[in-house]
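A.B. asks: Structure for the following, please:
(chains A and B, ligands or ions: 2)
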Amino acid sequence: MSARPTTPLLAIRSLRAAYGRIEALKGVDLTINPGEIVALIGANGAGKSTLMMTIFGRPRARAGHILFDGNDITGRPTHEIARLRIAQSPEGRRIFPRMSVAENLQMGADATDCSEAERAGGLDRVFALFPRLKERMAQRGGTLSGGEQQMLAIGRALMSRPRLLMLDEPSLGLAPLIARQIFDAIRTLNRQPDCTRGNRRRAAAASRNPRCLSRGRPAGVVFPDA
Amino acid sequence: MDYFAQQLINGFVLGSIYGLIAIGYTMVYGIVGMINFAHGDIFMIGGFIALISFLVLVSFGLTAVPLILLIVLLVSMAITALYGWTVERIAYRPLRHSFRLAPMLSAIGMSFVLSNYSQIAQGARVKPVPPIITGGYTLHASSGGFVVQLSNVQVVVVITTVVLLAIFTWLVARTRLGRDMRACEQDQTMAALLGVDVDRTISMTFVIGAALAAVAGMMYLLYYGLVDFFMGFVAGIKAFTAAVLGGIGSLPGAMLGGLAIGLIETLWSAYFSVEYKDVAAFSILIVVLIFLPTGLLGRPEVEKV
Ligand SMILES: Nc1ncnc2c1ncn2[C@@H]1O[C@H](COP(=O)(O)OP(=O)(O)O)[C@@H](O)[C@H]1O
Ligand SMILES: [Mg+2]
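C.D. replies: Residues are numbered from 1 along each chain as shown, chains lettered A, B, ... in the order given. Ligands and ions are numbered 1, 2, ... in the order given. Below is the predicted model:
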């Protein structure tokens, strides 16, 4: 990592989180600098999804700190965290099934106050990545195929012009060809400050900095087996 | 035939009132998954506020009927909305993450609180008002002597309902607030991840539902010329039946269900017996729950996500 004296975009310190009595994060440290692509890898149940959700306060951190841009956001309400332009394409995609594709994207744009020009620019960017979505604008989210839903989830997150973008398992359950399209799109986003993760090999290859998580604890940097 | 036509008109008007109340049940159910049993009493409060503001305006010497109606409408919508907001804030929100039945029990409690409060504050007697809107049209006079009439009150009730429903539909379908409400209804966590203040959106749902119930309360006052502290109970259960019949959670369903219940009740009273008109409505509730649990326009629980 570079030794520049910049404030990290995201700094997580000794973070703990639990679901009831099940401890899912047992002291996680993670630093992401502006402009960095980070792949977070780890076995099923390691706590990757939980880490991303805890950044949004769901579940709440039990201990430790989350600093975004140097500000402590631990314990802030979820919707306020989203307004700081942190976006997530969550596990399971969570498309609004009874909203059109256009409305799903609009929900992303609504996450931060943006001008009409910025909104149009955001749509262009999403369509450039996923031309398929443009043809489907009027279709209900719940009737899209899995791959299209994944594109929509990523597109929706991009509509908020995020400073930190988190993608949880962007290739899960997708045909290899569609998965490749998704990772191509992530690489195209390369110049944005992003935090990506996903298919272990590809994600690690796309990132210079894979971080590994094991049973709720950081497990040191591993090298991709690609 | 003329008699039947007359009953259709009457049933349609009554159904508009039920439909306006039913929307509040269905909206709240959609977003927080609970039956707001106090909603009928919110409708009753709306009727009382309409009555009080009407009397106040008249005592100020105001005589222009359209102006009076407009002010009464806005005042009762605003104050009743405040009641709806308060009920959610003090009785439901603190229990939101409690066990499933807790908010329902709290709602039943709120229903008693509101009706007893009205009884104490306003007295137990029925409060009549002189007819505010008079006159009407004769649509058809048959040789047998029966006339089909459309009164001006009926016209006002139906037009007001249609206008408010149009505004409401636009709000839900086209505005940011409406989109946020639908997002919260479909996935609250995801809505929050996208910057939606879920608590505020739920509050607004109660506010809008209460405002529509206030419109229904005022229409009831105009149509029947009276209000009483108990009217929220029966009307509330019928509107709830309407919401279930239309498919709980479905907004067009609530309106359709309201019209259906209004028509059934009116036709039943006209052709069978007035005494048993409430039985008719509740029998429908039971039959629907047994044979058509998702209602006329309801969607099945399973959804491809
Ligand atoms: N909603 C939940 N309730 C209870 N336990 C959960 C919940 N979500 C995840 N867990 C548990 O937390 C741990 C971490 O899970 P998760 O963050 O989903 O891992 P990953 O995304 O790395 O596969 C697992 O042991 C999992 O069983
Ligand atoms: Mg996961």
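A.B. asks: Run through the residues of the stretch 1-150 of chain B sitting next to ligand 1.
C.D. replies: Taking Cβ under 6 Å from any ligand atom as the contact definition, the stretch 1-150 of chain B does not meet ligand 1 anywhere. Where you see a C-beta, it was placed from the backbone N, CA and C, and this is true even at glycine.
A.B. asks: show me where the stretch 1-150 of chain B has helices.
C.D. replies: Remark: helices assigned in the stretch 1-150 of chain B by DSSP state H, counting those that start in this stretch are B:2-32, B:39-59, B:65-87, B:101-122.
A.B. asks: swap in chain A?
C.D. replies: Counting by DSSP state H, chain A has these helices, from start to end: A:48-55, A:78-83, A:101-110, A:116-129, A:131-135, A:146-158, A:176-188, A:200-206.
A.B. asks: now for the ones you listed, which one comes closest to ligand 1?
C.D. replies: helix A:48-55 (3.2 Å; Cβ to the nearest ligand atom).
A.B. asks: what about B:Phe99, how many neighbours?
C.D. replies: Residues lying near B:Phe99 (other Cβ atoms under 10 Å in any protein chain shown) number 8.
A.B. asks: For A:Pro8, give me its contacts.
C.D. replies: A:Thr31, A:Ile32, A:Asn33, A:Pro34, A:Leu67, A:Gly70 (Cβ atoms under 8 Å, 6 or more residues apart in numbering or on different chains).
A.B. asks: can you do 10 Å?
C.D. replies: A:Pro8 makes contact with A:Met1, A:Leu30, A:Thr31, A:Ile32, A:Asn33, A:Pro34, A:Glu36, A:Leu67, A:Phe68, A:Asp69, A:Gly70 under the criterion Cβ atoms under 10 Å, 6 or more residues apart in numbering or on different chains.
A.B. asks: Take the residues you listed and lay them out in TSV including neighbour count.
C.D. replies: Listed next are the contacts of A:Pro8 as TSV, based on neighbours: other Cβ atoms under 10 Å in any protein chain shown:
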residue	neighbour count
A:Met1	9
A:Leu30	19
A:Thr31	16
A:Ile32	22
A:Asn33	17
A:Pro34	14
A:Glu36	19
A:Leu67	17
A:Phe68	23
A:Asp69	16
A:Gly70	10
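A.B. asks: Out of those residues, which one has the lowest pLDDT?
C.D. replies: When the contacts of A:Pro8 are compared by pLDDT, A:Met1 scores lowest at 47.
A.B. asks: Flag every residue of chain A that's near ligand 1.
C.D. replies: So chain A meets ligand 1 at A:Tyr19, A:Ile22, A:Ala24, A:Gly42, A:Asn44, A:Gly45, A:Ala46, A:Gly47, A:Lys48, A:Ser49, A:Thr50 (Cβ under 6 Å from any ligand atom).
A.B. asks: Mind doing that once more with 5 Å?
C.D. replies: Residues of chain A found near ligand 1 (Cβ under 5 Å from any ligand atom) are A:Tyr19, A:Ile22, A:Ala24, A:Asn44, A:Gly45, A:Ala46, A:Gly47, A:Lys48, A:Ser49, A:Thr50.
A.B. asks: Ligand 2 next: which of those residues are close?
C.D. replies: The residues of those that also fall near ligand 2, by Cβ under 5 Å from the ion, are A:Ser49.
A.B. asks: In ChimeraX, how would I select just the buried ones from the residues of chain A next to ligand 1?
C.D. replies: Only the buried entries of these go into this ChimeraX selection, using 16 or more other Cβ atoms under 10 Å in any protein chain shown:
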select /A:24,46,47,48,49,50
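A.B. asks: out of the residues of chain A next to ligand 1, who's nearest ligand 2?
C.D. replies: Using Cβ to the ion, A:Ser49 comes nearest to ligand 2 of the residues of chain A next to ligand 1, at 3.2 Å.
A.B. asks: That closest one and A:Gly173, how far apart?
C.D. replies: Distance, A:Ser49 to A:Gly173, using Cβ to Cβ, to the nearest Å: 15 Å.
A.B. asks: low-confidence ranges in the chain?
C.D. replies: In the absence of a named chain, this looks at chain A. Across chain A, the ranges flagged by pLDDT under 70 are A:1-5, A:190-212, A:214-226.
A.B. asks: Let me rephrase: I mean chain B.
C.D. replies: B:300-305.
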